[in-house]
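# Sequence and predicted structure below; questions after.
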Amino acid sequence: MSMTVQSFYDAFASRYHLIYDDWDTSIARQAAAIDSLLHVFFPDPLELLDVATGIGTQALGLAALGYQIIGSDISPQAVRRARMEATQRGLTIPMYVADFQRLPVHPAVTPVILCGDNSLPHLSSPEAIAETFREWHRCLRPGGGCLISMRDYGEPPIAGTIEMRPYGERTWHGHRYFLQQTWTWQGPRYEVALDMTPLEDGAPTLPPLRASYLAISLADVQSLLRGAGFHGVQRIDGRLFQPVLIGFKSLVPWS
């Protein structure tokens, strides 16, 4: 049975970096890619609100490039680790715990909202995504916009299909593990089981972590963005390891 999104990321926060071959390299690479996109689409994009900051994979790199980042995440443990990682790197990044469906900020407070790492499909339905986009639209300044990275889902396979997605060997607290995702499809949703299997005697056994995702198409997400009032919605490929969607809030309130 799936955990709540908060409990999944609370449990995963201390080892989230293991999904990357080299987390620090990925931090720098993603920041460079996002920075290049921001400079194409937004004038002087020095401020942004990272609404799914997690342990800081995007926020840390962007802050190191000089961006003024505010980070938020539904997981208190992820935020706690992100704050620690920022402190260790000499970075100042205000961070708070919040559900990105209901952000505790004033209207028109930020020029850019960033939602990375396939966070959006944790939501329960297209209706929940549409409501979230309306909330982001409220938070954006006129002329601002959102930048979303997420998986490019195809047609879901038949219910009951199981897919194995290995990351490979990882070292955790001095012990070797094999890290792997197992996807179990349930119609348009799938459950992810994240397993760390010990590869040596004496390595502690870690319980699997389970989360649920909605396999919504990028075309449907673009349509939901437009329905929430965003214009200039477009898909960009080849810049990050996942496709990117961008949409803008009009400069005039009646558009």
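Cool, got the structure. Numbering: from 1, shown residues only.
# which residues does the closest residue to residue 130 other than its chain neighbours contact?
Distance criterion Cβ to Cβ, 6 or more residues apart in numbering; nearest residue to residue 130, sequence neighbours excluded, is residue 224 at 4.8 Å. C-beta here means a position set from N, CA and C on the backbone, and glycine is covered the same way. Neighbouring residues of residue 224 by Cβ atoms under 8 Å, 6 or more residues apart in numbering: 126, 129, 130, 133.
# From these, which land in strands?
In strands, judged by DSSP state E, none of those are found.
# Redo those residues as a markdown table? Include distance to residue 155, pLDDT and neighbour count.
Below are the contacts of residue 224 laid out as a markdown table (distance: Cβ to Cβ, whole Å; pLDDT from 0 to 100; neighbours: other Cβ atoms under 10 Å):
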| residue | distance to residue 155 | pLDDT | neighbour count |
| --- | --- | --- | --- |
| 126 | 16 | 97 | 16 |
| 129 | 19 | 98 | 21 |
| 130 | 22 | 98 | 17 |
| 133 | 24 | 98 | 24 |
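# returning to what we had before: is it true that the residue nearest to residue 130 lies in a strand?
No. The assignment for residue 224 (DSSP: H, G, I helix; E, B strand; the rest coil) gives helix, which keeps it out of a strand.
# So what's the model's average confidence on stretch 7-19?
Stretch 7-19 comes out with an average pLDDT of 96.
# same question, stretch 45-55
94.
# Then stretch 75-92?
98.
# Quick one: low-confidence residue ranges for the chain.
Low-confidence segments of the chain, defined by pLDDT under 70: 1, 252-255.
# circling back: now the residue nearest to residue 130: how far from residue 120?
As judged by Cβ to Cβ, to the nearest Å, residue 224 and residue 120 stand 10 Å apart.
# Overlap of the contact sets of the two?
residue 129.
# how about the residue nearest to residue 230 when sequence neighbours are not counted, secondary structure?
Leaving aside its chain neighbours, residue 230 sits nearest to residue 247 (3.2 Å; criterion: Cβ to Cβ, 6+ apart). Secondary structure, three-state DSSP: residue 247 is strand.
# who's in contact with residue 247?
145, 146, 222, 225, 226, 230, 231, 232, 233, 234.
# Next, check the residues you listed against the strands and list the overlap.
145, 146, 231, 232, 233, 234.
# Just send those residues back as TSV, with distance to residue 12 and neighbour count too.
Below are the ones in strands among the contacts of residue 247 laid out as TSV (distance: Cβ to Cβ, whole Å; neighbours: other Cβ atoms under 10 Å):
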residue	distance to residue 12	neighbour count
145	29	24
146	25	26
231	36	12
232	35	13
233	31	18
234	32	12
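# Looking at the residues you listed, spot the one nearest residue 105.
Nearest to residue 105 among those is residue 146, at 13.9 Å by Cβ to Cβ.
# Just confirm that closest one contacts residue 229, I think it does.
No. Contact criterion Cβ atoms under 8 Å: residue 146 and residue 229 do not qualify, at 11.3 Å.
# between those two, what contacts are shared?
Shared contacts of residue 146 and residue 229 (Cβ under 8 Å, 6+ apart): residue 133.
# so how far is the helix ranked longest in the chain from its chain's centroid?
Under DSSP state H, the helix in the chain containing the largest number of residues is helix 23-41. With Cα atoms, centre = their mean, to the nearest Å as the basis, helix 23-41 stands 14 Å off its chain's centre.
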